[in-house]
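*Asks:* here you go, sequence then predicted model.
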Amino acid sequence: MGHHRIVFLGPPGSGKGTAAMELSAALQVPHVSTGEMFREAIRRGGPLAETAKGFIDKGQLVPDEITVQIVRLWLDERGRERGFIFDGFPRTLAQAEAFERLLAERNLPLTAVLLLDVSEEEILERILGRLSCEKCGALYHVTRVRPKLEGVCDKCGGKLIKRADDTEETVRERLRWYEQLTMDVVRYYERQGLLTRVDGNGIKDHAVEKVMVLFGLVSRRARAS
Ligand code: AP5
């Protein structure tokens, strides 16, 4: 299998994390979520944690210099592996341009950019019901993607928690930043002919399956039959 260097774009709650995790397992390439990197830093504590938490809890973007720096460190450590799936990065035009330079210096061009399109009502419903595993990051939803045992992760037995930034007020603020800044990134990749739009509405399995089919991976339904 060739190297895949993929970016997942989409508004908050569009299912980027869900689809990126499944695709990462299927292609066996690392899943890199800048949001998860920040949450991990907050769990560990330290100077980055304080700064990042201030922005995240208000639904604002962490400054570009900090975000680009953590991505640069990741590329230096692991960029040469089998590829990557970035989820939630880049989110501003400045990040996209810095990312392009970092990738060009390392001769690691992107192979695909996916945009998950989802309506605003659907976003609120998903985010306000989201639960995630505090140990492995697996994602669930209180009514739509339920764990077998309430409050417990199916995959690792970890505790399921609600994210601190998943309030209605914060989600509206995150959506505002998405429209204001991240849509420029969507247009940037569209101009480069790299962007593929995926309709992310509907049930979880359908959205994930559409992504799998794009990468020539046999659909799970076909595999089961
Ligand atoms: P981040 O963690 O990236 O959050 P986000 O972009 O707001 O996206 P979400 O994680 O909320 O949603 P998602 O699209 O991954 O959806 P999910 O799969 O979980 O960033 C958090 C914060 O960190 C930002 O606000 C910012 O402050 C900071 N940050 C991160 N990156 C940054 C950057 N590059 N620059 C600056 N700051 C940055 O799904 C949502 C829910 O729906 C789940 O419950 C799931 O089970 C369910 N679900 C998923 N798919 C479906 C489906 N098809 N049908 C029904 N339910 C579904």
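*Replies:* That came through, no problem. All of these numbers come straight from a predicted model, not from anything done at the bench.
*Asks:* which helices and strands sit right next to the longest helix anywhere in the chain?
*Replies:* With secondary structure taken from DSSP state H, the chain has its longest helix at helix 64-78. Applying 3 or more Cβ pairs under 8 Å, 6 or more residues apart in numbering; DSSP states H and E, we find helix 64-78 packed against helix 34-44, helix 47-56, helix 93-105. All C-beta atoms are positioned from the backbone trio N, CA, C, and that covers glycine.
*Asks:* now those as a markdown table including mean neighbour count?
*Replies:* Formatted as a markdown table, the helices and strands packed on helix 64-78 follow (neighbours: other Cβ atoms under 10 Å):
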| stretch | mean neighbour count |
| --- | --- |
| helix 34-44 | 17 |
| helix 47-56 | 16 |
| helix 93-105 | 16 |
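*Asks:* kindly reformat these as JSON lines containing mean pLDDT.
*Replies:* As requested, the helices and strands packed on helix 64-78 are exported to JSON lines (pLDDT from 0 to 100):
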{"stretch": "helix 34-44", "mean pLDDT": "93"}
{"stretch": "helix 47-56", "mean pLDDT": "92"}
{"stretch": "helix 93-105", "mean pLDDT": "98"}
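*Asks:* in a markdown table, list those along with distance to Tyr140.
*Replies:* Converted to a markdown table, those look like this (distance: least, Cβ to Cβ, whole Å):
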| stretch | distance to Tyr140 |
| --- | --- |
| helix 34-44 | 15 |
| helix 47-56 | 21 |
| helix 93-105 | 29 |
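*Asks:* nearest to the ligand: which residue in this structure?
*Replies:* Gly35 (1.9 Å; Cβ to the nearest ligand atom).
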